[in-house]
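**Student:** return atomic coordinates for the entry below.
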Amino acid sequence: MSDPSKGILYLIPSLLGDSTIDRVIPAYNKEVIQSLDEFVVEDARSARRFLIKAGISKPIDSLTFHLLNEHTSLDNIGHYIDSLLKGKNVGLLSDAGCPGIADPGAEVVKLAHKHKVKVIPLVGPSSILLALISSGLNGQKFAFHGYLPKQPADRKAKIRQLENEAYKENQTQMFIETPYRNDALLQDLIATCRPETLLCVASDISLQTEYIRTMTIKDWRNEKKSFNDCPAVFVIGSAIHFERDNKHRR
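**Tutor:** The predicted structure is shown next:
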C-alpha cells in the first residue's frame, strides 16, 4: 500500500511525433501537467517542447528537470524521488510515447514502489500497443523485444529465433530499430523469414504520415516503400489463426 504522506509519481505519455496534441493526449493529462513543476525526463529540450505544446502556464525556466537517459548512472538516481518522499508530486516523461517502455523510466517507477510512493499511469499513445492492435496478429499472446542485434549475422539469427517462437507458441513478436536502420532490418526480415510469415510495419503512428500494413513476407518482397528516418514498429506472426476464447477476452 502506498504512503499517503508521500507525493504521487505521474507517468505522462508524450507525443510520438509532430502531431496535434488534442488528437492523442487526453484533457486530464494537461490538467495534471499544469499542477506539476518537477519532472524526470529523457531529454530536457524535448520535454520543454512537449510541455509548452501541452499548454503549461508556468515559466519553463521555473521547472525542475532530472535527466534519465542512456548516459545516466543508475547509481545516482536515488535523489530523483526526494521530492516525492517529501509529499510533492512529480511527472515522469518519456521522449516519445509511454514512459517505462523501451526507456529507462522504469527505474524511477521501481524506486517509487520500493518507497511506497503512489504511481499513477496516465492514458496516452503507445506505439507498441497501437502497432499490435492494428496489425491483425495475435493480441492474446505477444512479446516485445526492444532492439535486435546490430550485427547482420546476429540480427538474422535473432529473427529466425523469433519467427520459430511465433510459430511454436503462436506468439506475436514485436521489435523496433533505430530509424536510419529500418530498411536494413526490413531487408533482413524479407531474406530470413518464411514466405508465408506475416509482417506488419507500423510507422509514424498517430502522425499525418502514418503507415500501417500487414502482409506476408512474400508480398513484402514486392513492396518498395522506404521506412528510413521515421520511427517504426515491426510485428511478425504466424499465418495460423489463433483460437478465440470469449471468456478470457480483455
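**Student:** what residues are up against residue 85?
**Tutor:** With contacts defined as CB atoms under 8 Å, 6 or more residues apart in numbering, residue 85 is in contact with 6-7, 115, 117. (Glycine included, C-beta is placed from N, CA and C.)
**Student:** narrow those residues to just the buried residues.
**Tutor:** Buried residues within these, counting neighbours by 16 or more other CB atoms under 10 Å: 6-7, 117.
**Student:** next, format the contacts of residue 85 as CSV and append distance to residue 190, secondary structure and pLDDT.
**Tutor:** Written out in CSV, the entries for those read as follows (distance: CB to CB, whole Å; DSSP: H, G, I helix; E, B strand; the rest coil; pLDDT from 0 to 100):
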residue, distance to residue 190, secondary structure, pLDDT
6, 51, coil, 94
7, 49, coil, 97
115, 48, coil, 96
117, 46, coil, 97
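**Student:** redo those as JSON lines? Include distance to residue 13.
**Tutor:** Below are these laid out as JSON lines (distance: CB to CB, whole Å):
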{"residue": "6", "distance to residue 13": "23"}
{"residue": "7", "distance to residue 13": "20"}
{"residue": "115", "distance to residue 13": "23"}
{"residue": "117", "distance to residue 13": "19"}
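**Student:** give me the low-pLDDT residue ranges for the chain?
**Tutor:** Using pLDDT under 70 as the threshold, the predicted model of the chain has low-confidence ranges 240-250.
**Student:** who touches the longest helix belonging to it?
**Tutor:** In the chain, assigned by DSSP state H, the helix with the most residues is helix 152-169. The contact list for helix 152-169 (CB under 8 Å, 6+ apart) reads 141, 143, 145, 148-149, 171-173, 175, 184-185, 188-189, 191-194, 197, 236-238, 240.
**Student:** now intersect those with the strands, please.
**Tutor:** Members of these lying in strands (criterion: DSSP state E): 143, 145, 172-173, 175, 236-237.
**Student:** what's the domain layout of this protein?
**Tutor:** In the domain annotation for the chain, the residue ranges read 8-121, 127-237 (automatic domain parsing).
**Student:** which stretch among those domains comes nearest residue 2?
**Tutor:** The stretch from those with the least distance to residue 2 (CB to CB) is domain 8-121; that distance is 3.8 Å.
**Student:** what about that closest one, start to end distance?
**Tutor:** Using CA to CA, to the nearest Å, the end-to-end distance of domain 8-121 comes out at 10 Å.
**Student:** stretch 129-144 too?
**Tutor:** The straight-line separation of the ends of stretch 129-144 (CA to CA) is 10 Å.
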